[in-house]
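In: From the sequence below, what's the structure:
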Amino acid sequence: MSLIKILPENIVSKIAAGEVVQRPESVVKELMENAIDSGAKNIDVFIKNAGKLLIQVCDDGTGMTEEDAILSVQKHATSKIFNFDDLNSLNTLGFRGEALSSIAAVSQLEIKTQTKDEELGTLVKVSNNGEISSEKGSFVKGTSITVKNLFYNVPARRKFLKTNQTEFRHISNTFKKIALGNSGISFKFYNGNDIILDFKSGDLSKRIQQVFADNMTDALIPIEEKTDIISISGYTGKPAMLKSCKGDQYIFINNRYVVNRQINHAVFTAYESILQKGDYPFFVLFLDIEPDKIDVNIHPSKMEVKFEDERSIYNLLLAVIRKSLGIQNLVYNEAEAETVVDYKAAALSGTNFNNSFNPEKERNRQYNFNNTKYSDVELDKLFGNIQNDSLGDTNPQFIDDPFSQPVQKEFLHKVNDVDEDEKEKGSSSFIFQLHEKYILSQIKNGLIVIDQNAAHKRILFERAFHQLKTGLPLSQQLLFPRKLALERGKYDLLKEILNLLINLGFSISFLRGNNIEIRGVPEDVKYGKEEEILFEILNKYSEIKNKDENKNEENLAKIYAESAAMKENTKLNEKEMRSLINHLFSSSNPYICPNGRPTLIKISLTEFSRRFGNTN
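Out: Purely as a prediction, here's the structure:
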């Protein structure tokens, strides 16, 4: 007897369906794309139990005849292509003819459809054993596809679905991405009987405000360029919209949402003089290119594309973004002037780029001292660990010290201490701000250089962590409470972590329709930054909240410190610099920030003497 057997058709269908239908979000994506391809102007999405119980997508598109409706649920049945060469002229989101048959293989599927010319429409049902039946009836013009009990016949697959909250978040994110790429269509999203999102048709700027926030317009930079190669349009964000987490980078190629490393790299490179390490720009970019110049048939999700001429696309996009930033007086220097002016020529210049670009792996930079190269790590070794050298033996004057942790006396340095000679002159000890990024301060046997951003993060982290652990927040009440509208996912997350935020110092009231009112904030939050910091906390926390529940307080303290800390290019006066240093050295670990970066380096007098060749 042969050990190799041909699998039954029903098993083959279920296995094949796994390529297309990975979770409820996959179903929503495929059905919404079909609705868009039908020419719909209004698309409604309904879900129950995070899509596990019900997914329904209704549209007012062209509808299908009975013959087409029956064919649509069969394998590899499509109206988009008829031969292989048609892949080179695709103008639709779907084309493989796999979606409906794959969905039908792992759910209970029903289609109601009617064309505008028919008096009666068609109801198509797919039974549990795959049999297709149809009947006539009077339905709304367009198509309504209902998917019930997803993975009911694949228990192992259903068991591996995540919580309702997680699956709902995936569906919501995909809904917003598709809506963002099709601003000319009205979309509604219902969870049970509640309408969660309602996007009216309009231009792209209006859709961006609907998806993100009403006050986005002033923070957007328009992008518009047409060449013989490609048309580029959309928006990028001004520096005020820079975030320290990924998630707000959207690329659409021929209105298809895609993920593309080269395009991301081009935008990041255009922003390089603005970004701090770990910053991510906001952008929504549309690239329209002839279908035969790209290949979208390389991944089941169709979210990856390849360009025929990646180098030209990269160079053109880089130049266009730089030009737009230059118009806003955000990016400009002499070395880039020719690129900004002659951006079309730049697309043909053949500039090389690194295909393995990863913005998170920018580390171990090189520095030159006396024609000798040193890395970050080598500099730390060169300048030594400040813990190995006493900074003085005088206790600092702490300012509003919120910590009860004892501090080792020998590691403290009082920056407003002065030696006897300086006392006689009535002057204070040396302190200086360098390029609005670093603070230089004299110690008894050399110099310390403090990264003001990293130092502030350490201070804020310990203060926040202390408050979260003790439940004793330091809060400031707002004279004029701020009302905000949140996305449904952010609204639910805020409810989930409200107690943590209260311990951190926030005072928040929940209003109707995903609206909230901020009444109080932690005392470190500057006026006008309340909304920005709360959004940043919600964005970052949503990415890490399921990783280690035992570290919720620590993770939130890190996120808050990252969000609320002063940025580079913050000018400080002498009093502020001294206060920052005193608070830093009152912390339990003043030498590294919460993310592991050093807060300071020390340069000894011996090192100065060696550098200057002074042997005396």
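
In: so what's the nearest residue to residue 163 once chain neighbours are set aside up against?
Out: Leaving aside its chain neighbours, residue 163 sits nearest to residue 50 (8.0 Å; criterion: C-beta to C-beta, 6 or more residues apart in numbering). Using the backbone N, CA and C atoms, a C-beta is placed for each residue, glycine as well. By C-beta atoms under 8 Å, 6 or more residues apart in numbering, the contact list for residue 50 reads 24, 163, 164, 165, 167, 168, 171.

In: What number of residues are in the vicinity of the fifth one?
Out: Counted by other C-beta atoms under 10 Å, the residues lying close to residue 167 total 20.

In: Can you check the pLDDT for it?
Out: Model confidence at residue 167, given as pLDDT, is 95.

In: Name the SS class of the closest residue to it other than its chain neighbours, please.
Out: Of all residues not flanking residue 167 in the chain, residue 50 sits nearest, at 3.9 Å (C-beta to C-beta, 6+ apart). Secondary structure, DSSP: H, G, I helix; E, B strand; the rest coil: residue 50 is helix.

In: Then residue 56?
Out: strand.

In: Beta-bridge partners for it, please?
Out: Note on residue 56: beta-bridge partners residue 46, residue 146, judged by DSSP bridges.

In: how near is residue 155 to residue 577?
Out: Computed with C-beta to C-beta, to the nearest Å, the distance linking residue 155 and residue 577 is 63 Å.

In: And those two? Which one has more around it.
Out: residue 577 (19 against 9).

In: For that one, pull up the helix or strand it's in.
Out: Element membership for residue 577, per DSSP states H and E: helix 574-584.

In: got the buried residues for that helix?
Out: Using 16 or more other C-beta atoms under 10 Å as the test for burial, helix 574-584 gives 577, 578, 579, 580, 581, 582, 583, 584.

In: Distance check, the residue positioned nearest the centre of the chain against residue 177.
Out: With distances taken as C-alpha atoms, centre = their mean, residue 247 lies nearest the centre of the chain, 1.6 Å away. Computed as C-beta to C-beta, the residue 247 to residue 177 distance reads 11 Å.

In: just residue 513 next, same as before
Out: 23 Å.

In: now stretch 486-502, how far from the centre of its chain.
Out: 18 Å (C-alpha atoms, centre = their mean, to the nearest Å).

In: And that stretch, end to end?
Out: 18 Å (C-alpha to C-alpha, to the nearest Å).

In: so for that stretch, what's the average pLDDT?
Out: 89.

In: which residues are in contact with that stretch?
Out: 165, 168-169, 172-173, 176, 191, 196-197, 211, 468, 473, 508, 510, 514-516, 535, 537-538, 541-542, 545, 552-553, 556.

In: returning to what we had before: can I get the buried residues of helix 574-584 in CSV with pLDDT?
Out: CSV is the format used below for the buried residues of helix 574-584 (pLDDT from 0 to 100):
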residue, pLDDT
577, 92
578, 90
579, 89
580, 92
581, 90
582, 87
583, 89
584, 91
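
In: Just the closest of those to residue 201, please.
Out: When these are compared for distance to residue 201 (C-beta to C-beta), residue 580 wins out at 50.5 Å.

In: next helix or strand past the lengthiest strand in the chain?
Out: What stands out as the longest strand in the chain, according to DSSP state E, is strand 475-485. Sequence-wise, the next helix or strand downstream of strand 475-485 (DSSP H and E) is helix 488-496.

In: how is the protein carved up into domains?
Out: Structural domains annotated on the chain: 9-204, 212-361, 366-455+574-611, 471-564, as defined by automatic domain parsing.

In: can the ones you listed go into TSV with extra columns for distance to residue 461?
Out: What follows is these, written out as TSV (distance: least, C-beta to C-beta, whole Å):
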stretch	distance to residue 461
domain 9-204	27
domain 212-361	14
domain 366-455+574-611	4
domain 471-564	4
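
In: lowest-confidence stretch among these?
Out: domain 366-455+574-611 (a mean of 62).

In: Skipping adjacent residues, who's closest to residue 45 in space?
Out: residue 189 (5.0 Å).

In: Then residue 590?
Out: Closest to residue 590 by C-beta to C-beta, 6+ apart is residue 584, at 4.8 Å.

In: now do residue 437
Out: residue 568 (4.9 Å).

In: Go ahead and confirm that neighbour touches residue 276.
Out: Yes: counting by C-beta atoms under 8 Å, a contact exists between residue 568 and residue 276, whose distance comes to 5.7 Å.

In: before we move on, back to that, and the gap between the residue nearest to residue 437 and residue 579?
Out: 19 Å.

In: same question, residue 230
Out: Taken as C-beta to C-beta, the span from residue 230 to residue 579 is 52 Å.

In: Which parts of the stretch 1-150 of the chain are helices?
Out: Taking DSSP state H, counting those that start in this stretch as the test, the helices found in the stretch 1-150 of the chain are 9-20, 24-37, 66-72, 99-105.

In: Go through these and name the closest to residue 43.
Out: The nearest among the helices of the stretch 1-150 of the chain, by C-beta to C-beta, is helix 24-37 at 4.8 Å.

In: Quick check: nearest residue in space to residue 158, chain neighbours excluded?
Out: residue 151 (3.8 Å).

In: Surely the one you found forms part of a helix?
Out: No: secondary structure assignment (three-state DSSP) places residue 151 in coil, not in a helix.

In: Thought residue 107 was touching it, still the case?
Out: Yes: here residue 151 reaches residue 107: they are 7.2 Å apart, a contact under C-beta under 8 Å.

In: Comparing these two, which residue is more hemmed in?
Out: The neighbour comparison of residue 151 against residue 107 (other C-beta under 10 Å) goes to residue 107, with 24 against 21.

In: Am I right that that one is in contact with residue 148?
Out: Yes: using C-beta under 8 Å, residue 107 is in contact with residue 148, at 6.3 Å.

In: beta partners for residue 450?
Out: residue 439, residue 600.

In: Now for it: which residues touch it?
Out: 438, 439, 440, 441, 580, 581, 584, 599, 600.

In: Next, count neighbours for the second one.
Out: In this case it means residue 439. Neighbours around residue 439, by other C-beta under 10 Å: 23.

In: so residue 572, which of the three states?
Out: coil.

In: what helix or strand is the nearest residue to it once chain neighbours are set aside on?
Out: In space, residue 572 comes closest to residue 433 once its chain neighbours are excluded; the distance is 5.6 Å by C-beta to C-beta, 6+ apart. Assigned by DSSP H and E, residue 433 belongs to strand 431-434.

In: Would you mark the buried spots in the longest strand of the chain?
Out: Here strand 475-485 shows 475, 484 as buried, counting by 16+ other C-beta under 10 Å.

In: Repeat that for stretch 282-301.
Out: Buried-residue list, stretch 282-301, by 16+ other C-beta under 10 Å: 282, 283, 284, 285, 286, 287, 289, 291, 294, 296, 300.

In: and those, which of them are in strands?
Out: Those of the buried residues of stretch 282-301 mapping onto strands are 283, 284, 285, 286, 287, 294, per DSSP E.

In: Mind putting those residues into TSV with distance to residue 591?
Out: Formatted as TSV, these follow (distance: C-beta to C-beta, whole Å):
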residue	distance to residue 591
283	37
284	41
285	41
286	47
287	46
294	50
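
In: for the residues you listed, which one is nearest residue 564?
Out: For these, the nearest to residue 564 is residue 283 (24.7 Å; C-beta to C-beta).

In: residues in contact with the helix or strand residue 516 falls within?
Out: Assigned by DSSP H and E, residue 516 belongs to strand 515-522. Outside strand 515-522, the residues within contact range by C-beta under 8 Å, 6+ apart are 464, 467, 473-478, 481-486, 491, 494, 504-511, 530-531, 533-534, 560, 564.

In: Export only the CA atoms of that strand, formatted as CSV.
Out: Output in CSV follows, covering the C-alpha atoms of strand 515-522 (Å, rounded to 0.1, in the frame of the first residue of the first chain):
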residue,chain,number,x,y,z
ASN,A,515,-14.6,61.5,23.7
ILE,A,516,-12.7,62.3,26.9
GLU,A,517,-11.8,65.3,29.0
ILE,A,518,-8.4,65.8,30.5
ARG,A,519,-8.7,67.6,33.8
GLY,A,520,-5.3,67.0,35.3
VAL,A,521,-1.8,65.9,34.2
PRO,A,522,1.5,64.9,35.9
